[in-house]
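Peer 1: turn this into a structure:
(one chain, ligands or ions: 2)
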Amino acid sequence: MVGSTIVSAPGKVLITGGYLVLDPAYEGTVIATSSRFFTVVTPSSSVPRDTIRVRSPQFLEAEWNYSLASGSDGLVGATPSPANKSNNKFVEIALRETLKVIQAIVSVDALNDTLKDERSERCGLKVEIVGDNDFYSQRRVLDSLSLPPNKESLDRLPRFNHLNTPIGDVHKTGLGSSAALITSLVAALLLNFSVIPASSLGGNRSHDTAANNSRQDLDFIHNTSQYIHCLAQGKVGSGFDISSAVYGSQVYKRFDESVLRSLIDDSARPVPSELLATLRPNAAWTSQTTPIVLPPRIQLLLADVDAGSDTPSLVGKVLKWRTSSPDQAREIWTRLHDDNRRVASLLGRLGDLARDDPGDYSASLEGFATAHSNTPGGAQCSQVLQDLKAAMTAVRRGMKTMGESASVPIEPDEQTELLDACCAIPGVIGGGVPGAGGYDAIYVLVVDTPDSTPTDGPCTAEQVRLLWSNWKSLSVSPLQSRAEEGGLRYYDSVAQVRGLERSL
Ligand SMILES: Nc1ncnc2c1ncn2[C@@H]1O[C@H](COP(=O)(O)OP(=O)(O)O)[C@@H](O)[C@H]1O
Ligand SMILES: C[C@@](O)(CCOP(=O)(O)OP(=O)(O)O)CC(=O)O
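Peer 2: Numbers count the residues shown, from 1 in each chain. Ligands and ions are numbered 1, 2, ... in the order given. Sure, this is the predicted structure:
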């Protein structure tokens with residue numbers, strides 16, 4: 001096969017369920033973002049034969065070569081070249097383990113046949129990886145251009161902007177770069193070596209059409225990506241990030257970690273047939289995903305507060321406290337569980353109301369956004385909006401209580417002050433600290449005003465962004481991401497992705 005295989009996977013925002021989702025008894029609601037990671041895989045004569053060359057053109061010193069050679073077991077493995085200037089553990093493990101999985105399905109001859117250029121001569125494999133700007137803090141870039149950290153400045157940056165730094169020095173924003181990277185890379189490799197047909201990924205698909213694509217193939221990509229991500233991270237997390245990268249926005253319940261435990265703990269590293277037996281979709285994978293879509297005209301806003309909390313250390317402390325104070329923890333978990341479920345179910349209810357009576361829905365949103373209780377809107381819809389606001393406030397309170405009880409800054413006071421100010425703006429439904437919380441980021445759900453609607457002043461989203469740019473006690477920088485429902489996507493050519501050709 002000659003030509004590029006291009007796959008993208010979205011980032012994530014866990015709006016409810018932080019910490020709870022680590023336990024299979026509880027779920028989390030995760031929203032996939034419009035910000036995506038793209039992997040482009042091309043058999044190419046510009047790369048020496050028996051070599052995989054990976055480049056991340058947004059970073060300095062970000063080229064890694066891997067030599068392909070058959071080991072004593074007859075399997076083709078990928079070994080990092082000693083000339084590489086740095087390691088990339090996530091990429092290295094993804095290449096090594098995906099190649100193993102591929103060879104459990106296709107012969108070495110078939111694998112080598114794929115590595116041919118347009119003249120049918122043996123060649124190497126070029127792998128290019130880029131992520132949307134939101135995955136990395138752009139503050140330093142904006143500073144160097146003397147631009148303030150606001151939406152207008154970010155809109156001026158090219159897509160897949162070069163960060164002028166090695167990957168290890170970049171500040172992350174919490175959208176889950178490694179999960180989106182691994183998922184897009186694993187999928188692109190499985191497609192390139194014809195283990196999975198491109199049709200299983202679809203194009204701009206919604207959850208409905210995804211159902212028509214091969215769920216089994218998506219599940220296989222999911223299981224393989226979960227395994228590789230756990231191996232690279234050195235732990236089995238809840239996996240909500242990989243799940244949303246594959247299937248899109250959803251209510252997620254984790255898999256039982258025993259399905260991966262022996263593969264991760266096996267220092268001898270499993271052989272391809274063992275890997276395949278576990279990673280092929282089977283009943284041991286117990287995760288549950290229920291697609292979720294934000295209701296029409298409800299917009300997700302995100303901001304990075306650039307203090308960067310360390311998720312593993314927060315998680316360790318919270319889980320330790322949960323074990324040492326089981327009764328108090330159970331009470332908090334139970335209450336949060338109810339409030340989290342209420343948020344998901346009210347979002348679904350709003351979506352139903354929008355479908356059943358769009359006029360009434362719009363009027364209710366207008367009333368909510370302008371805080372005019374006399375705006376003609378359906379009583380039912382207005383009530384659901386108020387209930388959603390109350391449920392989101394309760395979730396915030398629960399997360400704050402969890403943090404205070406475990407002596408961990410899940411929603412630190414500085415964030416509380418900021419979120420309270422956001423939530424006081426008419427049209428803001430609620431907000432919170434995504435995922436594990438800390439000083440990382442905040443999210444806010446707002447009523448969106450259609451461009452065609454004449455407004456007296458700035459719309460809710462603009463008012464929120466104005467608040468952020470004038471906020472003094474924390475440096476708050478907006479992100480550009482919107483909520484999206486979709487997961488993995490396949491593209492026929494780089495021209496289908498705005499800014500991709502220029503960035504490579
Ligand atoms: N553009 C990229 N190209 C290659 N590898 C990347 C890229 N962005 C991130 N990574 C990999 O992901 C790692 C970051 O993973 P992690 O610390 O888990 O962050 P996150 O919380 O964003 O997932 C980096 O060290 C690097 O190995
Ligand atoms: C605590 C958690 O439940 C949620 C963490 O969510 P984040 O979005 O904060 O995660 P990182 O990408 O690792 O920063 C841990 C988990 O579910 O694995």
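
Peer 1: surely Q250 and V293 touch.
Peer 2: No. Between Q250 and V293 there is no contact under C-beta atoms under 8 Å: 9.8 Å. In this view, the C-beta of every residue, glycine as well, is placed from N, C-alpha and C.

Peer 1: of those two, which one has the most company?
Peer 2: Higher neighbour count among Q250 and V293: Q250, with 28 against 18, using other C-beta atoms under 10 Å.

Peer 1: quick one, phi/psi of the more buried one?
Peer 2: phi -170, psi 160 (degrees, to the nearest 10).

Peer 1: ditto for E417
Peer 2: Here is the backbone geometry of E417 (degrees, to the nearest 10): phi -60, psi -40.

Peer 1: mind listing what the residue nearest to it when sequence neighbours are not counted touches?
Peer 2: Nearest residue to E417, sequence neighbours excluded (C-beta to C-beta, 6 or more residues apart in numbering): S473, at 6.9 Å. Shown in contact with S473 (C-beta atoms under 8 Å, 6 or more residues apart in numbering): E414, E417, L418.

Peer 1: go with 10 Å
Peer 2: D413, E414, E417, L418 (C-beta atoms under 10 Å, 6 or more residues apart in numbering).

Peer 1: in three-state terms, label it for me.
Peer 2: coil (DSSP: H, G, I helix; E, B strand; the rest coil).

Peer 1: L99 versus that one, what's the distance?
Peer 2: Computed as C-beta to C-beta, to the nearest Å, the S473 to L99 distance reads 50 Å.

Peer 1: same check, this time on L419
Peer 2: Distance, L419 to L99, by C-beta to C-beta: 45 Å.

Peer 1: which parts of the chain are strands?
Peer 2: 5-16, 27-44, 51-55, 63-70, 76-80, 124-131, 250-253, 288-291, 298-304, 428-432, 441-447, 477-478, 483-484, 489-491 (DSSP state E).

Peer 1: would you put the C-alpha positions of the third one in PDB?
Peer 2: These are the backbone C-alpha positions of strand 51-55, laid out as PDB (Å, rounded to 0.1, in the frame of the first residue of the first chain):
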ATOM      1  CA  THR A  51      13.500   2.100   9.700                       C
ATOM      2  CA  ILE A  52      10.500   3.800  11.300                       C
ATOM      3  CA  ARG A  53      11.100   7.600  11.500                       C
ATOM      4  CA  VAL A  54       8.800   9.400  13.900                       C
ATOM      5  CA  ARG A  55       8.700  13.300  13.800                       C
END
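
Peer 1: so how far is that strand from its chain's centroid?
Peer 2: With C-alpha atoms, centre = their mean, to the nearest Å as the basis, strand 51-55 stands 24 Å off its chain's centre.

Peer 1: that one: partners in the sheet, and parallel or antiparallel?
Peer 2: The strands that strand 51-55 pairs with in its sheet are strand 63-70 (antiparallel), strand 124-131 (parallel) (by DSSP bridges).

Peer 1: break this protein down into its domains, please.
Peer 2: 5-291+487-503, 298-484 (automatic domain parsing).

Peer 1: now tabulate those in JSON lines and tack on mean pLDDT.
Peer 2: Formatted as JSON lines, the domains of the chain follow (pLDDT from 0 to 100):
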{"stretch": "domain 5-291+487-503", "mean pLDDT": "93"}
{"stretch": "domain 298-484", "mean pLDDT": "91"}
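
Peer 1: among those domains, which comes closest to ligand 1?
Peer 2: Proximity to ligand 1, assessed across these by C-beta to the nearest ligand atom, is greatest for domain 5-291+487-503 (3.2 Å).

Peer 1: can you tell if that closest one touches ligand 1?
Peer 2: Yes. Judged by C-beta under 6 Å from any ligand atom, domain 5-291+487-503 comes into contact with ligand 1 through 56, 58, 88-91, 129, 131, 167, 172, 176-179, 181.

Peer 1: can you tell me which residues in this protein are near ligand 2?
Peer 2: The chain has residues 14, 18-19, 21-22, 174, 176, 237-238, 240-241, 311, 315, 434-436 near ligand 2, with proximity defined as C-beta under 6 Å from any ligand atom.

Peer 1: closest to ligand 2 among those residues?
Peer 2: Of all those, ligand 2 sits closest to G435, with 2.4 Å by C-beta to the nearest ligand atom.

Peer 1: quick revisit: what's the most buried one of the strands paired with strand 51-55?
Peer 2: Comparing the strands paired with strand 51-55 by mean neighbour count (mean count of other C-beta atoms under 10 Å), strand 124-131 comes out on top with a mean of 23.

Peer 1: I228 and I93 touch, don't they?
Peer 2: Yes. Between I228 and I93 there is a contact under C-beta atoms under 10 Å: 5.7 Å.

Peer 1: more neighbours: which of these two?
Peer 2: I228 (25 against 18).

Peer 1: any idea how far that one lies from L125?
Peer 2: 18 Å.

Peer 1: pLDDT score assigned to the nearest residue to V293 once chain neighbours are set aside?
Peer 2: Spatially, and ignoring its direct neighbours in sequence, V293 is nearest to E485 (4.9 Å; C-beta to C-beta, 6+ apart). Among the per-residue scores, E485 shows a pLDDT of 90.

Peer 1: number of nearby residues for E485?
Peer 2: Residue crowding around E485 was assessed by other C-beta under 10 Å; the count is 20.

Peer 1: coming back round to it: please list only the buried members of the contacts of S473.
Peer 2: Buried members of these, scored by 16 or more other C-beta atoms under 10 Å, are L418.

Peer 1: can I get the contacts of S473 in JSON lines including distance to N84?
Peer 2: JSON lines is the format used below for the contacts of S473 (distance: C-beta to C-beta, whole Å):
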{"residue": "D413", "distance to N84": "44"}
{"residue": "E414", "distance to N84": "41"}
{"residue": "E417", "distance to N84": "46"}
{"residue": "L418", "distance to N84": "42"}
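
Peer 1: farthest pair within the contacts of S473?
Peer 2: Farthest-apart pair in these is D413 and L418; separation 9.7 Å (C-beta to C-beta).
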